[in-house]
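Student: structure, please.
(6 chains)
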Number of protein chains: 6
Amino acid sequence: MERVDTTISPRYAQIPTFMRLPHDTDPSGYDVVVIGAPYDSGASYRPGARFGPRAIRAESGLIHGVGIDRGPGTFDLIRCADAGDIDLTPFNMNVAMETAQRRLEVLLRDNAAFLMLGGDHSMTLAALRATAGKHGPLAVLHLDAHSDTNPAFYGGEYHHGTPFRHAIEEKLVDPRRMVQLGIRGHNPRPDSLDYARDNGVHIVTADEFTQLGIADCTRFVRETVGDAPLYVSVDIDVVDPAFAPGTGTPAPGGLSSRELLALLRATGDLRLTGFDVMEVSPLYDHGGITSILATEIGAELLYQYARSRASERKPS
Amino acid sequence: MERVDTTISPRYAQIPTFMRLPHDTDPSGYDVVVIGAPYDSGASYRPGARFGPRAIRAESGLIHGVGIDRGPGTFDLIRCADAGDIDLTPFNMNVAMETAQRRLEVLLRDNAAFLMLGGDHSMTLAALRATAGKHGPLAVLHLDAHSDTNPAFYGGEYHHGTPFRHAIEEKLVDPRRMVQLGIRGHNPRPDSLDYARDNGVHIVTADEFTQLGIADCTRFVRETVGDAPLYVSVDIDVVDPAFAPGTGTPAPGGLSSRELLALLRATGDLRLTGFDVMEVSPLYDHGGITSILATEIGAELLYQYARSRASERKPS
Amino acid sequence: MERVDTTISPRYAQIPTFMRLPHDTDPSGYDVVVIGAPYDSGASYRPGARFGPRAIRAESGLIHGVGIDRGPGTFDLIRCADAGDIDLTPFNMNVAMETAQRRLEVLLRDNAAFLMLGGDHSMTLAALRATAGKHGPLAVLHLDAHSDTNPAFYGGEYHHGTPFRHAIEEKLVDPRRMVQLGIRGHNPRPDSLDYARDNGVHIVTADEFTQLGIADCTRFVRETVGDAPLYVSVDIDVVDPAFAPGTGTPAPGGLSSRELLALLRATGDLRLTGFDVMEVSPLYDHGGITSILATEIGAELLYQYARSRASERKPS
Amino acid sequence: MERVDTTISPRYAQIPTFMRLPHDTDPSGYDVVVIGAPYDSGASYRPGARFGPRAIRAESGLIHGVGIDRGPGTFDLIRCADAGDIDLTPFNMNVAMETAQRRLEVLLRDNAAFLMLGGDHSMTLAALRATAGKHGPLAVLHLDAHSDTNPAFYGGEYHHGTPFRHAIEEKLVDPRRMVQLGIRGHNPRPDSLDYARDNGVHIVTADEFTQLGIADCTRFVRETVGDAPLYVSVDIDVVDPAFAPGTGTPAPGGLSSRELLALLRATGDLRLTGFDVMEVSPLYDHGGITSILATEIGAELLYQYARSRASERKPS
Amino acid sequence: MERVDTTISPRYAQIPTFMRLPHDTDPSGYDVVVIGAPYDSGASYRPGARFGPRAIRAESGLIHGVGIDRGPGTFDLIRCADAGDIDLTPFNMNVAMETAQRRLEVLLRDNAAFLMLGGDHSMTLAALRATAGKHGPLAVLHLDAHSDTNPAFYGGEYHHGTPFRHAIEEKLVDPRRMVQLGIRGHNPRPDSLDYARDNGVHIVTADEFTQLGIADCTRFVRETVGDAPLYVSVDIDVVDPAFAPGTGTPAPGGLSSRELLALLRATGDLRLTGFDVMEVSPLYDHGGITSILATEIGAELLYQYARSRASERKPS
Amino acid sequence: MERVDTTISPRYAQIPTFMRLPHDTDPSGYDVVVIGAPYDSGASYRPGARFGPRAIRAESGLIHGVGIDRGPGTFDLIRCADAGDIDLTPFNMNVAMETAQRRLEVLLRDNAAFLMLGGDHSMTLAALRATAGKHGPLAVLHLDAHSDTNPAFYGGEYHHGTPFRHAIEEKLVDPRRMVQLGIRGHNPRPDSLDYARDNGVHIVTADEFTQLGIADCTRFVRETVGDAPLYVSVDIDVVDPAFAPGTGTPAPGGLSSRELLALLRATGDLRLTGFDVMEVSPLYDHGGITSILATEIGAELLYQYARSRASERKPS
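Tutor: Here you go, the predicted model:
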């Protein structure tokens, strides 16, 4: 199977997979499998992320396989496929969480890594469970306006404000190798950072990020993560609503797209094991700009993964 | 407490309650209490009905208390208040169903009836449970593109395709006094009407409605319902998506607004005990036309209730 | 000056005038002058009609000068120009009303008639003043969801709910030759029709229209108007919000576009002296469908005017 | 290959094909192959139909394989697949027309029929060429606000106003067995019907349709078509813009969805050989209502085809 | 009365007040009363700000009572209520101005301060009149793309381009302690700054702001204001249209949300006496991002007021 | 002819020309003629730019003739008119390119320069042909996310990805005096910059721009361009989609409006000969923010041209 060729098919034509990758519902032997998590039953404010994977795929045909000025294309370096979506019930949080974990475990058994397209952030817990099951406790770069370390509420164990609390409790992550960047504003509960900090997580608020600047932040991320296996989770609301209106709990005062993309470029020097782009709700998007940004983030992560693999394979 | 006066406050001003009714969070002694059910965790396709009650209230300030050419105003005939919303968890279907039932039971204990603004159609089961608990098995006029008599699926007992199946099973309704009108199209499962018909429910498809016409349909509804206590449930998708785009599972080929409103005028001659307007999803609306229609439906039902009460009070 | 030729210019090209008519800021000798009234300071609920004339002009390039199956084109029969807009202050209702009246009086001094594009309905009072000043008391066909015969409120003499009350008081119209058609719903004040009826105006509610049908309504309009000079005022909200969401006070249960256009076809047999299409608020429109309908109405009125003139010119 | 099962996958999940049919890029042996024509380079006013097939597919997951009250499902009666899109250049009208014709000819060589999803109406010429190549001169039921029998203009031989003129000139159709229904308004050129009528085409304007009613129209279509091989072409603008705002040249005064769907039900009694749903421009749609209607039309046509085949197979 | 508790009510539930504060139509004894000014009759270009207060309240349920990393919550430090809206006529600028002033004077008589949510900027004149009536001539931090020091035009004394000219003329403000920050572009009249500068107002254009940076600007504001009673007026168009599309006269080249919020943090060290957030027009917003930003600004101002009070209460 | 006076006409009134300039379809003797290129038949992804000139003109009434703090107004320094649009066929790329070139050549014969409003970027080739025909090989400041130096594909010689390749090949430009700034992301083909660089073009990617800063970039542009005749071409997608969602191939990570406007200020010191603002697609815009930005860019370019002329006229 080959990617759909844009010298033959216009970029708006044909059944849309992520970046026109081949559709393989039972993928095996790939470096990275793209997988959708169309789910918003963990959303506490605005729903719509169930349509996130479809919207991202629809816009992703626009872009090519590598950024400018970078040498070989991503898909010349690694093998990728789009496995479609996890079949997640919208009606039962516990069932959905288990379904996701099982599907992702199978993907990781048969392939090296996955890129998950969300879908609300609760599904990252399933991703961390599956990834930590393969690699052990993970370093995490968590880019988000919110720390997502809340306790359960409204009778929901696994809503989108809880994944990193569960991950810390279940020791899926190593909090000392975990950075949460972009946290800000009046939206999070005032004390929402306490749990994370008490467990050793490193928090860089949006204001601290502004003062530090990209270069110092990048250095701090590199030093904190070190050579631990790294999971990168991007909640699209880490950028300002101007750049990503299509999300469930937008928070003013966020990063620009340019800043976020610059940060991601650091991750290729680390030991990447998995990644996701979450909380894209097309119902609040306009002109597809949130989905296009999610696409660019996904493409950047795939390219950084290719770099990360390349450096691992090199004899040191 | 008084309604906000539009000779003093412009219709877009002040905190919006339904039709500018007084806000009373613990209502007692009213003829009808308006109550919101901001909930969409039972939605199988498009979410957003959790924002339905807010959107309907926001637009409802536009209208006055009675239609033209009708004599006294609704609020001169009956006492009404807006009780705000039921506090429904988005995360747990079973908890939400219980919460709704309890709240509605208390409303019916202290007041004569309620008008529920939805929210997805699953909440009508709670309404039927509470209303049947007070009045016994109910006649039902169910206006909808779908019969909502499906079994559970995706591990969800109480999703928005099931309320009338549960209601029949629990004997909350008398199927021989139940009319489902407006059913149509390729969206419902082909066999979705079998359960209803097998239990004696009278189905008038959208095509049959067109052929019968308003007058004959009205007569049929009256004869079927008779003097049984009547619950009217309006799924906004009974009208064509042109008239109500803001809904979760739109179905082309539906009624016009004019036809629907004409049908509702028949209900004031019957023994009305409760009513709802469901499945308004503002995320798919434009220009608020779906919410404005829901408002008009709610206002019409309140007026018909006033008529229904008036005829009951009269010595026969 | 010629109309922009669509065999040369695509319909989305060039500076948009109404139906690509020549732009003439000081028109003289025309049969009909198109004139915009970009104004919404009389709107009691939703503003935006100040952008109505621009939106109608932008979409009006789509259509040609005559309907199908009709013989000669409108612009082969009558001479028309677009005079641009009246310069109406948004800040002072009394000044705006005077400005409009003076501009329209000049237009009628130098030309036979005008087609006014609104703009909120308050401006129709200026139009009636100017037209009655030329022709004497007018017959009126007023197509609207509301009777617009309210008294002043909120300290505003000339808001969009008052023009026909002023017109009756000022004897600009002959109420016995005035038909208000399409009135409906819970939006108008219950007693809003009393003033009109008490003065002899003929009201056909939307429900009565449905029951009468087009043919009988048309006959009724013809008989009522007779050979009096006729002014036709179309409030776009006479049609259902499904057909015209872009308006200030939408009212469910209205006419379809097809019904409205059929009604207008009757007016060419009468003694047409002026017309307007009002209350187009593009801020609430989508896909331009309200503006396109307003365009079609305007084009139909121009064609009926051509017919009306032709029959007058014929020896009897 | 099987259809995606909605008891397992929610209707918004997985890579979207039309009605969740299997994706088969080289289909052979099917009764009907669904094929997209993502193209709008023939559009004279509003573009965007290049995104039509994607939008229709995205919404088509909502519906099931048969309408209510009809016995066996469409996909129990006929074998169908989604072949993806024709790779149409947006840059060269002549090349695109040839590419489409060749692809459709191959489809018809290997399969019984196709359902084309558009895309602007110019592509119907390619469809008629391919279908007439297989079946000889075709009867046509053409549902549209415009007759599309214009000559070339702006230097474009094959724009979306010309397909039926070419088809008549090339004798792909039998004009005496061709019905154009829904034509109306000020948008078509006044004389645009002359060419069709002069060649014997039967035109039913929207007004004539209203006066005739569904039953008589259906009878007229049946009698006109007779037992000739029938191609059905639905330009989505045959319905009023209220029902289908997402199209390139909307025309007020059109059919309702209910009327259109009722008309299509007649076609199953005829000798159906092919069909299309064209001119869906999602850029002007809202809430996906145009795409959902296109889906319902497509599903209805597939079902009527199944009926048509069944009656052919029966011994007479 | 208590705030609506988000551990019980989801953030989209219940009748929306600002930040879920108690609704008190006759407030007394509060530190800050939130009051809406639903008004756009002073808008010279795009209307819609009459719906501003409603939209801000609807989105404000999303956020909590204090920003991250700040210790006690705002509502633990100060007592606040939402008084609903001022009943402003849309029809008469002079009446509206007087109504607003009287209502705000009563609020200031019975409470310490108000946060006004607009509504167009003309209403800030009423706020300055009321506040200066209590505190004497005010220092002002005016954040805006325009200086709003124009003379009357179009026959309107109090349009949204004039409030600060009137305030200077009426000596409500001390121009030497007034900073206008963010002024820019081709939208303001070229000479619009002359009046302000000639009276001693300090203007920091958007370009000068970029060159100075946040820290120096903050210092400049502090030094200019000193210990004078300070009124902060935020016209939402001070940020770039990317961050706040929902406004009446958007101006490219503005501040980012992050920059604006950082500036506001300086005001807690000063002697805050009142504040407003103006010019939010939801008709031009998308995804509610402008309203969410207005909410964040309002929450930040309340918090800074709490800080400002705390420092005043401390013995020096 | 005079500009429409905003002290008389509100900014939303009258037939919209660019910045209310006089409409002159056969301009002669002007310094700059504004000309629209309503065309998108060269767009490879999203269409809609054919409506760009109309949308820009509609919003351009908002702004005045000079930025703040700058002395005399643009239109006091230079004579300008709006010539309307070039009549470009949407159906034939080669014909359109020739039509554009001829029209622009006539404009340059009779006037000093033009400001072209697009329209997709392919039309810049016609502009460069016409301008180089008058001034010889041009220096170019090309602000864009893409280098537009692709070869022909899909059978289209002149699509929007090719203009600068043709310009280099035809020696219309001097590559050593050409700067392409803002190039970025995964959207361009990886090797798309090779052709430009191999021919000596200076490329500043968006990342390099961030690192260099405005001041150094400005200096680099000045030094590169020198005293050669300069053409400035702004593809609106040079800014981030947050600032300009309304465009055909949006690319995250772009410049802010503030940065772009600052860059343009440098051009007035150079020998400006022509300019354009391209790729505005209102179909994907919201709240008109892209059109308003395009307006601001156009106004800035006109002002810089006035400065450029002034410095040329001065004796050195």
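
Student: can we go C-alpha only for contacts and neighbour counts from here?
Tutor: OK.

Student: okay, now A:Asp5: neighbour count?
Tutor: Neighbour count of A:Asp5, defined by other Cα atoms under 10 Å in any protein chain shown: 11.

Student: so A:Thr7 touches F:Pro151, yeah?
Tutor: No: judged on Cα atoms under 8 Å, A:Thr7 makes no contact with F:Pro151 at a distance of 11.2 Å.

Student: of those two, who's got more company?
Tutor: F:Pro151 (17 against 11).

Student: pLDDT at the more buried one, what is it?
Tutor: pLDDT, F:Pro151: 90.

Student: distance of it relative to D:Ala251?
Tutor: From F:Pro151 over to D:Ala251 the distance is 40 Å, taken as Cα to Cα, to the nearest Å.

Student: contact partners for whichever residue of chain A sits closest to chain C?
Tutor: Using Cα to the nearest Cα, the closest approach of chain A to chain C is made by A:His286 at 14.2 Å. The contact partners of A:His286, by Cα atoms under 8 Å, 6 or more residues apart in numbering or on different chains, come to A:245-246, E:286-287, F:245, F:284-286.

Student: same thing with A:Leu255?
Tutor: So A:Leu255 contacts A:182, A:206, A:238-240 (Cα under 8 Å, 6+ apart).

Student: for it, give me phi and psi.
Tutor: When read as degrees, to the nearest 10, the backbone of A:Leu255 gives phi -70, psi 160.

Student: go on, A:Ala266?
Tutor: Dihedral angles for A:Ala266 - degrees, to the nearest 10 - are phi -70, psi -20.

Student: the one 10 residues further on too?
Tutor: Recorded main-chain torsions at A:Asp276 are phi -150, psi 160, according to degrees, to the nearest 10.

Student: list the buried residues for the top helix by length along chain A?
Tutor: In chain A, assigned by DSSP state H, the helix with the most residues is helix A:289-313. Neighbour-count burial for helix A:289-313, with 16 or more other Cα atoms under 10 Å in any protein chain shown as criterion, is recorded at A:289-309.

Student: one more: stretch A:175-185?
Tutor: Counting neighbours by 16+ other Cα under 10 Å, the buried set in stretch A:175-185 is A:175, A:177-185.

Student: give the contact list for A:Ser257.
Tutor: Taking Cα under 8 Å, 6+ apart, one finds A:239, A:243, A:293, F:240, F:252-254 in contact with A:Ser257.

Student: list residues touching both of A:Thr7 and F:Pro151?
Tutor: Joint contacts of A:Thr7 and F:Pro151 (Cα under 8 Å, 6+ apart) do not exist.

Student: ok, and the closest non-adjacent residue to A:Gly268?
Tutor: Distance criterion Cα to Cα, 6 or more residues apart in numbering or on different chains; nearest residue to A:Gly268, sequence neighbours excluded, is A:Gln304 at 4.1 Å.

Student: same thing with A:Ala113?
Tutor: A:Ala113 sits nearest to A:Val32 (Cα to Cα, 6+ apart), 4.7 Å away.

Student: count of neighbours near that neighbour?
Tutor: A:Val32 has 25 nearby residues by other Cα under 10 Å.

Student: pairing partners for it in the sheet, please.
Tutor: With DSSP bridges as the criterion, A:Val32 is bridged to A:Cys80, A:Ala113.

Student: that one reaches A:Leu77, doesn't it?
Tutor: No: at 11.2 Å, A:Val32 does not count as touching A:Leu77 under the criterion of Cα under 8 Å.

Student: is the residue nearest to A:Asp191 when sequence neighbours are not counted in a helix, a strand, or coil?
Tutor: Closest residue in space to A:Asp191, ignoring its immediate chain neighbours: E:Ile68 at 7.2 Å, by Cα to Cα, 6+ apart. Assigned state for E:Ile68: coil (three-state reduction, DSSP: H, G, I helix; E, B strand; the rest coil).

Student: number of nearby residues for E:Ile68?
Tutor: 21.

Student: report pLDDT for it.
Tutor: For E:Ile68, the predicted pLDDT is 76.

Student: and it, backbone torsions?
Tutor: Torsion angles, degrees, to the nearest 10, at E:Ile68: phi -70, psi 160.

Student: pull up the residues of chain A that are close to chain F.
Tutor: Contact residues, chain A versus chain F (Cα under 8 Å from any Cα of the partner chain): A:7-8, A:10-12, A:62-71, A:73, A:242-244, A:256-259, A:261, A:286-287, A:289, A:292-293, A:296, A:299-300.
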